[in-house]
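Peer 1: Would you be able to build a 3D model of this:
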Amino acid sequence: MPAQSRTTAAALTPRSVTWLGMAVNVALAAAKILGGWAFRSQAILADGLHSLSDLVSDVAVLAGIRVSERPADYSHPWGHRRISTMVAMFVGALLMALGGAMAYNAIVSFREAHEPLRSLVPLGLALATIPAKEMLYRLTRRVGRRVGDVSLTANAWHHRSDAFSSIAAAVGLAVIAIGGPGWAFVDELTAVVLSAFLIVAAAHIMWSAVCELVDRAPSAAILDAIERAVRDTSGVRDHHAIRARQI
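Peer 2: Sure, this is the predicted structure:
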């Protein structure tokens, strides 16, 4: 990430980066849905609906942040941080569903007739989405790693999924513009490949959340580092039965 982007990410909080994502998602969804309707472009209309679905994960992450920041109480003596882990599970499942839906729609529409491109505006909207959502992905992922919030990391991948769908839409629209509707199958092919990447990322997010929820031990390297820190601490004579979990 460039130095300026790293500085921007360092100044952002989990709340502010999520609100930023919501604002961008609203603007992109409105522009693409209106553009798809006005120019009768199914590709950009579907892409706009995908941007609209990002708002669901944004709302879930904001709600999770609000609850997880509550202090420990009688019912939750260790605090409420696991709420963020549950939100990460939800966003991961949503990402997997979106990836499956993208692949299914691409396969189903593979043999359907495609209309000629009426305007280059839908293509421009798809191209404009890619850098915007990639920047949101990088900012959100960096903030998530900084504060150790898995729900933010999951939401970052949701931003990247929108960039993926826009890449597929842009490829399809560009091919139709250059070669005509007969080459529109490239759109479906691109969508299937990108959806596969998305499903793998969703599975990784869900597995990480599950490992945290079931108190899976960290890696051997982390346990060794903890053991060395204990052994090298002044005044410690011996140690045994070191246990660790993620929280």
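
Peer 1: gap between residue 124 and residue 173?
Peer 2: Remark: distance between residue 124 and residue 173 (Cβ to Cβ, to the nearest Å) = 9 Å. The C-beta positions use only the backbone N, C-alpha and C, and glycine is treated the same way.

Peer 1: Repeat that for residue 154.
Peer 2: 29 Å.

Peer 1: quick one: contacts of stretch 52-71?
Peer 2: 14-15, 18-19, 21-22, 25-26, 29, 33, 76, 79-84, 86-87, 90-91, 94, 98, 149, 151-152, 154-155, 158-159, 162 (Cβ atoms under 8 Å, 6 or more residues apart in numbering).

Peer 1: please redo it, this time with the cut-off set to 6 Å
Peer 2: 14, 18, 21-22, 25, 29, 80-81, 83-84, 87, 90-91, 94, 151, 155, 158, 162 (Cβ atoms under 6 Å, 6 or more residues apart in numbering).

Peer 1: Quick one: low-confidence residue ranges for the protein.
Peer 2: 1-10, 42, 113-117, 181, 184, 187, 247 (pLDDT under 70).

Peer 1: In terms of neighbours, single out the busier of residue 124 and residue 173.
Peer 2: residue 173 (26 against 15; other Cβ atoms under 10 Å).

Peer 1: neighbours around the residue lying closest to that one once chain neighbours are set aside, how many?
Peer 2: In this structure, residue 173 finds its nearest non-sequential neighbour in residue 123, 4.3 Å apart by Cβ to Cβ, 6 or more residues apart in numbering. Using other Cβ under 10 Å, residue 123 has 23 neighbouring residues.

Peer 1: All further residue positions should be reported with the first residue as 484.
Peer 2: OK, 484 is where the count begins now, so the last one is residue 606.

Peer 1: Let me know the helix or strand that residue 606 is in.
Peer 2: Assigned by DSSP states H and E, residue 606 falls within helix 604-630.

Peer 1: Equivalent analysis for residue 674, please.
Peer 2: Going by DSSP H and E, residue 674 is part of helix 668-696.

Peer 1: Centre of the chain to the very next helix or strand once past that helix, how far?
Peer 2: Sequence order places helix 703-714 as the next helix or strand after helix 668-696, per DSSP H and E. For helix 703-714, the separation from the chain centroid amounts to 32 Å (computed by Cα atoms, centre = their mean, to the nearest Å).

Peer 1: Of the contacts of stretch 535-554, grab the buried ones for PyMOL.
Peer 2: To isolate in PyMOL the members of the contacts of stretch 535-554 that are buried, counting by 16 or more other Cβ atoms under 10 Å, one can use:
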select buried, resi 497+501+504+505+508+512+563+564+566+567+570+573+574+577+634+638+641+645
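
Peer 1: Mind checking which of the contacts of stretch 535-554 are in helices?
Peer 2: 497, 501, 504-505, 508, 512, 566-567, 570, 573-574, 577, 634, 638, 641, 645 (DSSP state H).

Peer 1: Out of the residues you listed, which two sit at the greatest distance?
Peer 2: 512 and 566 (26.7 Å; Cβ to Cβ).

Peer 1: just to revisit the earlier point, for the helix holding residue 606, buried residues please.
Peer 2: 604-606, 608-610, 612-613, 615-627.

Peer 1: same thing with stretch 540-560?
Peer 2: 540, 541, 543, 544, 545, 547, 548, 550, 551.

Peer 1: Quick check: the fifth one vs residue 576, distance?
Peer 2: In other words, residue 545. 18 Å.
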